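Trainee: Predicted model, plus sequence, below.
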Amino acid sequence: MSTLFPGFERKRVAATGAEINLVIGGSGPPLLMLHGYPQTHAMWHSVAPRLAEHFTVVCSDLRGYGDSAKPASTPDHAPYSKRAMARDQVEAMEALGFRRFQLAGHDRGGRVAYRLARDHRECVERLALLDICPTATMFAKTDKAFATAYYHWFFLIQPHDLPEHLIGGDPTYYLRKKLGGLGSVLDRFDPAAYAEYERCFGDPAMIHASCEDYRAAASIDLEHDAEDAGTLDCPLFLLWGEKGVVHRLFDPLADWGGIARDLSGRALGCGHFLAEEAPDETTAELLSFFRGRSG
């Protein structure tokens, strides 16, 4: 991973529920960055080193993904709830000496980041979410267009072991189809990063864990979200791709409008995988926000 994150140190940190794999580099205020599906922390390779010129940047693998632990699940999918995954990250940051930090999350990592900001308000100074709208909103607005574009939401939540078995038959093919969809093209991915995704997604344990992540999203996560009261205390910044599904079928600023008092954001000229398709623009926007731009 040194070629993807020059100057960063790789660590494994023990949280209560799982050992978390991460890289850390730079100096300055702490900034935690969380990846999406079906990726690993490698997705930040073009962004994190530049942010590390201003921040101490931590890029971690979520529970169940990459080289982080993949604990057994339960019938209610609680071990892969965003609450459990967020707790991992809070404990990992505390183990690194950071009790309060800034936070960015893409895709599934964005949903973990949102839950972290809800459950651990004292920890989060500023929050950036990339190419997502609230989970409940996206389910509630499901129509033919959304179900077609985000078919994996409904495929991965099927009972064990249907999706695991089908994906496991040719994980490389499935990975290629996922990363080449959602308004994105495969040639925008760095070969070294793509090799990491392929290596990690070839593990049956990660395939199962990622299915559990989505099963939790369609069940226990919705219960937790429904319990939330009030707006987020921290500033919330949104980025999304104008060639992606979120831009085409949803309205991020409106959909997040009742959740944060201090809200800002904009679309970038790319698909779903902003940090790899538009790394310069993504870096500039995150740098501006985390250095104190007000929404």
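Mentor: Structure received. Just so you know, these numbers come straight off a predicted model, no measurement behind them. Residues are numbered from 1 along each chain as shown.

Trainee: how about the helices in the stretch 101-250 of the chain?
Mentor: Ranges of helices within the stretch 101-250 of the chain are 108-119, 135-140, 144-149, 151-156, 162-168, 171-179, 191-201, 204-217, 220-226, 245-249, based on DSSP state H, counting those that start in this stretch.

Trainee: what sits up against the shortest one?
Mentor: Applying CB atoms under 8 Å, 6 or more residues apart in numbering, the contact partners of helix 245-249 are 131-133, 141, 143, 145-146, 149-150, 182-183, 240-241, 252, 267, 272. Any C-beta I mention is one placed from the backbone N, CA and C, and that applies to glycine too.

Trainee: Give me the mean pLDDT for the very next helix or strand once past it.
Mentor: Toward the C-terminus, helix 245-249 is succeeded by helix 252-255 as the next helix or strand (DSSP states H and E). The predicted model gives helix 252-255 an average pLDDT of 96.

Trainee: swap in stretch 282-293?
Mentor: On average, stretch 282-293 scores 94.

Trainee: Report the buried residues of that stretch.
Mentor: For stretch 282-293, the neighbour count (16 or more other CB atoms under 10 Å) marks 282-283, 285-287, 289-290 as buried.

Trainee: With stretch 145-162 instead?
Mentor: 146, 149-150, 152-153, 156-157.

Trainee: Likewise for stretch 221-230?
Mentor: So stretch 221-230, judged by 16+ other CB under 10 Å, has buried residues 221, 224-225.

Trainee: Could you do stretch 71-85 as well?
Mentor: 71, 73, 77-85.

Trainee: State the pair within those residues that is farthest apart.
Mentor: Greatest spatial distance in the buried residues of stretch 71-85: Pro71 and Lys82, 15.0 Å, computed using CB to CB.

Trainee: For stretch 230-242, measure first residue to last.
Mentor: 29 Å (CA to CA, to the nearest Å).

Trainee: From the chain's centroid, how far away is it?
Mentor: Remark: stretch 230-242 is offset 14 Å from the chain centroid, using CA atoms, centre = their mean, to the nearest Å.

Trainee: Dump the buried residues of stretch 221-230 into TSV; add pLDDT and distance to Gln39 as well.
Mentor: Formatted as TSV, those follow (pLDDT from 0 to 100; distance: CB to CB, whole Å):
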residue	pLDDT	distance to Gln39
Asp221	98	19
His224	98	24
Asp225	96	23
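
Trainee: Any chance of CSV for those residues, columns distance to Val245?
Mentor: Output for the buried residues of stretch 221-230, formatted as CSV (distance: CB to CB, whole Å):
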residue, distance to Val245
Asp221, 19
His224, 24
Asp225, 20
